[in-house]
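S.K.: This is the structure alone, sequence omitted:
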Ligand code: GDP
């Protein structure tokens, strides 16, 4: 397929969703405003019927788009290309991580001492790995005393190198000292100066193929780095497999991640189980257009044990898979220790293996699951519904979108945009509008989400051309 075809196909798919976000939000506002008025009963009924049929319109269009994708003759290309790109990157990483002479190899030291949760720490390691890849240095993980497992990373996952784990010898320095053999990096938030190859940038040499293949190239790139580092030790693998079997995890299944406790009110808002389940229902309503669903199934991961019981109580038509015991451990303040490690590893593993994710992208747990998911399909960039943020990478450089249509503001909250404008995006309100700052006018406000395309950031990395 041509690059234009794949971009356009994904744009239509996304914007059918945006059309519903807009219509659905506006219509339910009207419906709600009518509810109290007795004489309006007739109109309410009409409105409900209208909304139901409109929903069916959207579902039918989405089904047709999916069917068209399956029948366009490019599915073989998508699978083949996805494997080829992944193999290429994995080979480069293997080359980088296994220098023939460790004593002379250039190294980048990454300490897993960031005071945060498991998802956050995985993202810290991935950031180090990007720095290592960009500076052609072997990544060395320093993980003794790791808060999730004092014995260190290598007791849980395979070492990130087969030949080179030692960084004590050779000249030592800190970023940006490039002339030393062993360079350490601080956490991404303190990095100075900040190179252009930090997320959301993808390697320029992969960009033409990757942007054609995938709807969210940065999530794919992060997923590939996670794929390399997250190779479980045999005991870890056994734990994950036993956990999966014990829970009765099987497909079709939608993964729901409900992040509560310390996150609510500090970094994210509260969302009721009902909001998540609405996303799950939408997924199954769509699926049932093309296949019979025997049992609607959800996998629920949470740091709030009440959520799983609530789901079992209030959604009897669902098979609810989840372990309140894991959530109980995750709910207490000692959770950033050994006692919770198995639970969070299992939850992330199973969430990533679900057909679809409903969660809040404000949580690194769900973002990690989404990133890993990208390694399991040619393009899983639309297999999620976030109740809050759009995808981001903690500590990322600016995220811009490019306007592909003009827009005249219809209210004081909206901003004017012209084709070609660069807009720094803050978020999608999931009601048809996104918020951002137009770089041309410096105006901050809302604009219709369908009038822009994502700007994929590209940066020069070494090309590893000698790696076959
Ligand atoms: P964030 O704080 O949600 O952005 O994600 P982090 O991974 O950085 O920190 C949250 C930590 O809380 C996780 O790493 C877990 O230790 C715990 N946690 C949060 N949600 C869950 C969950 O669904 N399951 C389990 N087992 N632990 C969770």
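M.R.: On my side now, so go ahead. On a predicted model such as this, the values are computed, not experimentally measured, just so you know.
S.K.: Any regions of this protein where pLDDT drops low?
M.R.: Under the criterion pLDDT under 70, the flagged ranges of the chain are 36-39.
S.K.: Can you name the residue of it nearest to the ligand?
M.R.: Proximity of the chain to the ligand (Cβ to the nearest ligand atom) peaks at residue 117, 1.8 Å away. Heads up, the C-betas are built off the backbone N, CA and C, glycines and all.
S.K.: List the residues that contact that residue.
M.R.: Contacts for residue 117 (Cβ atoms under 8 Å, 6 or more residues apart in numbering) come out as 336, 344, 364-365.
S.K.: top of the residues you listed by neighbour count?
M.R.: residue 365 (25 neighbours; other Cβ atoms under 10 Å).
S.K.: Show me what the one helix or strand it maps to is packed against.
M.R.: According to DSSP states H and E, residue 365 maps onto helix 364-373. If you count contacts as 3 or more Cβ pairs under 8 Å, 6 or more residues apart in numbering; DSSP states H and E, helix 364-373 packs onto helix 118-135, helix 217-229, strand 254-258, helix 338-352, strand 356-359, strand 384-386.
S.K.: Let's see that with 6 Å instead.
M.R.: helix 118-135, helix 217-229, helix 338-352 (3 or more Cβ pairs under 6 Å, 6 or more residues apart in numbering; DSSP states H and E).
S.K.: who touches the second one?
M.R.: Going back to what we said before, that points to helix 217-229. Contact with helix 217-229 is made by 89, 93, 125-126, 129, 160, 199-200, 202, 210-211, 214, 371-372, 374-375, 456, as judged by Cβ atoms under 6 Å, 6 or more residues apart in numbering.
S.K.: quick one on the thing from earlier: hey, what's the angle from the helix holding residue 365 to helix 118-135? Just curious.
M.R.: 50 degrees (axes from the mean of the first three to the mean of the last three Cα atoms, to 10 degrees).
S.K.: Contacts for helix 364-373, please.
M.R.: Contacts of helix 364-373 (Cβ under 6 Å, 6+ apart): 119-120, 122-123, 219, 222-223, 226, 257, 348, 351-352, 357, 359, 361, 380, 384.
S.K.: among these, which are in reach of the ligand?
M.R.: 119-120, 257 (Cβ under 6 Å from any ligand atom).
S.K.: Could I get the full set of strands for the stretch 151-300 of the chain?
M.R.: 172-174, 182-184, 202-203, 254-258, 296-302 (DSSP state E, counting those that start in this stretch).
S.K.: just to revisit the earlier point, which one (most neighbours) among the ones next to the ligand among the contacts of helix 364-373?
M.R.: residue 257 leads these on contacts (other Cβ under 10 Å) with 26 neighbours.
S.K.: Roughly how far does the nearest residue to it once chain neighbours are set aside sit from residue 132?
M.R.: Spatially, and ignoring its direct neighbours in sequence, residue 257 is nearest to residue 359 (3.8 Å; Cβ to Cβ, 6 or more residues apart in numbering). Remark: distance between residue 359 and residue 132 (Cβ to Cβ, to the nearest Å) = 29 Å.
S.K.: now swap in residue 281 and tell me
M.R.: 43 Å.
S.K.: Which residue of those two possesses the greater neighbour count?
M.R.: Shown here are residue 281 and residue 132; by other Cβ under 10 Å, residue 132 has more neighbours (25 against 16).
S.K.: The ligand contacts on this structure?
M.R.: 116-120, 257, 259, 263, 301-303, 326, 330, 335-336, 340, 343-344, 347, 363-365.
S.K.: Repeat the analysis, applying 5 Å as the threshold.
M.R.: Contact residues, the chain versus the ligand (Cβ under 5 Å from any ligand atom): 116-120, 259, 301-303, 326, 330, 335, 340, 343-344, 347, 363-365.
S.K.: Kind regards, and thank you for your time.
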